[in-house]
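Student: Predicted coordinates and the sequence they were generated for:
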Amino acid sequence: MTVTRLPSSPADRVVDAWYEVVRTAHTHDLPAAVPPPGRAESTGKLRFPSPRTHAVHLAAVAADGSYDGVATLVLFDDAANRHAAFLDVLAVHPRARNRGTGARLWKAAHAELAGDGRTSVAAVVELGGPGETFARRLGFENVLPLAWYVQNVSDALAARPVPPALPDGYALAHWTGVVPDALADAFAEAHNAMQDAPTGDMDRAVPAWDAARVRAAAQVVEDRDGVILSAAVLDGAPPAQTVAAYTELVLRDPSDTRALQYDTVVVPAHRGRGLGTAVKRHMMGVLAAARPGVREIGTTVADENGPMLAVNERLGYRRERTVAYFQATL
């Protein structure tokens, strides 16, 4: 077995070999209720890096040319995080486990990190299983406990058939894909309210957002053949509207039956007015109308994020499984 670095635009046969590992590892390691990743997600991640990052993809190649394991490093390009990286994938096919495959992939990943001058790397790890044992053996430590929460969309809509009324002066909006130009600057400003989101002991700065960055973040979802839906609570009247709150949902593959909740943010000056609940309830209706095949919404929330946990509980989310950001210093 050899570990090789993939080209920036791998051929379909390479994507197939990669996807076979992540799909099989997923179905082996996680409960049956957790939908496996779609092939479009693997294709997209291998060919389109996230904005202001570059990625390194590694594969442990078996004698027959198939892959025994795969790994992806996301290397941040913004100045504040030039020292940091994220281990987005490290998966070993069940047939190749307990043979040193994971250790060889990590050794190759470590060499990439060291060669690029990175001093810390983080990963999201499922707690209580072999992934946590492996991570701790490599020197990773739990720096931010999280959990996955899942909402059944039809049940949640039945429980809250009428959206909550907004206070005077606010209005709801939603769109698919890249933010409309008229809202781009205000949407970016609302993203910067994430500066106070819980980050535990992570050695990574919260990025600064501008209109170009929010456009690029949405565009890469579409480039990867995914779908991004956004909903917002707007304050004021055009052309001086600001974004008081927003939420985003992503389908990483058009065939997904579980949408992923990305950010949900209420700008500090507008908190305490029920806007988080209102914008998420609005998004539930948007999703049901636009994507009736989606049955669930899944999201991660930090254990210390009490306000968002309370919003999700009101909207019918249930705790599914525990994970955490783990981090290692190099």
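Tutor: Nice, thanks for sending it over.

Student: for A103, what are its contacts?
Tutor: By Cβ atoms under 8 Å, 6 or more residues apart in numbering, no residues touch A103. To be clear about C-beta, it is placed using only N, CA and C from the backbone, and glycine gets the same treatment.

Student: in this protein, which spans are helices?
Tutor: Ranges of helices in the chain, per DSSP state H, are 12-29, 39-47, 101-115, 130-137, 153-159, 184-191, 211-223, 275-290, 306-314.

Student: now those in JSON lines, with distance to A63?
Tutor: As requested, the helices of the chain are exported to JSON lines (distance: least, Cβ to Cβ, whole Å):
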{"stretch": "helix 12-29", "distance to A63": "13"}
{"stretch": "helix 39-47", "distance to A63": "23"}
{"stretch": "helix 101-115", "distance to A63": "13"}
{"stretch": "helix 130-137", "distance to A63": "24"}
{"stretch": "helix 153-159", "distance to A63": "46"}
{"stretch": "helix 184-191", "distance to A63": "47"}
{"stretch": "helix 211-223", "distance to A63": "35"}
{"stretch": "helix 275-290", "distance to A63": "46"}
{"stretch": "helix 306-314", "distance to A63": "47"}
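
Student: Nearest to A147, out of the ones you listed?
Tutor: For those, the distance to A147 is smallest for helix 306-314, at 9.0 Å, taking Cβ to Cβ.

Student: By neighbour count, which bits of that closest one are buried? Give me those.
Tutor: 308-309, 311-312, 314 (16 or more other Cβ atoms under 10 Å).

Student: Any chance of CSV for the residues you listed, columns distance to A211 and pLDDT?
Tutor: Below are the buried residues of helix 306-314 laid out as CSV (distance: Cβ to Cβ, whole Å; pLDDT from 0 to 100):
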residue, distance to A211, pLDDT
M308, 25, 94
L309, 31, 96
V311, 27, 95
N312, 29, 96
R314, 32, 95
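
Student: Could you dump those residues into JSON lines and include distance to V162?
Tutor: As requested, the buried residues of helix 306-314 are exported to JSON lines (distance: Cβ to Cβ, whole Å):
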{"residue": "M308", "distance to V162": "22"}
{"residue": "L309", "distance to V162": "24"}
{"residue": "V311", "distance to V162": "17"}
{"residue": "N312", "distance to V162": "19"}
{"residue": "R314", "distance to V162": "14"}
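
Student: Looking at these, which is nearest A114?
Tutor: Nearest to A114 among those, with distances taken as Cβ to Cβ, is M308, at 36.4 Å.

Student: V267 contacts L234, correct?
Tutor: No - the pair V267 / L234 is not scored as a contact, 11.3 Å apart, by Cβ atoms under 8 Å.

Student: Contacts only, for A71.
Tutor: A71 sits next to 57-59, 87, 89-91, 105-106, 108-109 when contact means Cβ under 8 Å, 6+ apart.

Student: Just the pLDDT at it, thanks.
Tutor: A71 is assigned a pLDDT of 98 by the prediction.

Student: Please tell me how far it sits from D201.
Tutor: Distance of A71 to D201, computed by Cβ to Cβ, to the nearest Å: 24 Å.

Student: rewinding a little: mind listing the shared neighbours of V267 and L234?
Tutor: Looking at what touches both V267 and L234 (by Cβ under 8 Å, 6+ apart), the common residues are 242-244.

Student: Can I get these in CSV including distance to L251, pLDDT and neighbour count?
Tutor: Below are the shared contacts of V267 and L234 laid out as CSV (distance: Cβ to Cβ, whole Å; pLDDT from 0 to 100; neighbours: other Cβ atoms under 10 Å):
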residue, distance to L251, pLDDT, neighbour count
T242, 28, 97, 18
V243, 22, 98, 25
A244, 26, 98, 28
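
Student: Same list (the residues you listed) but as JSON lines, adding distance to H282.
Tutor: Formatted as JSON lines, the shared contacts of V267 and L234 follow (distance: Cβ to Cβ, whole Å):
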{"residue": "T242", "distance to H282": "17"}
{"residue": "V243", "distance to H282": "13"}
{"residue": "A244", "distance to H282": "13"}
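
Student: Which one of these is nearest to G100?
Tutor: Closest approach to G100 among the shared contacts of V267 and L234 (Cβ to Cβ): V243, at 49.7 Å.
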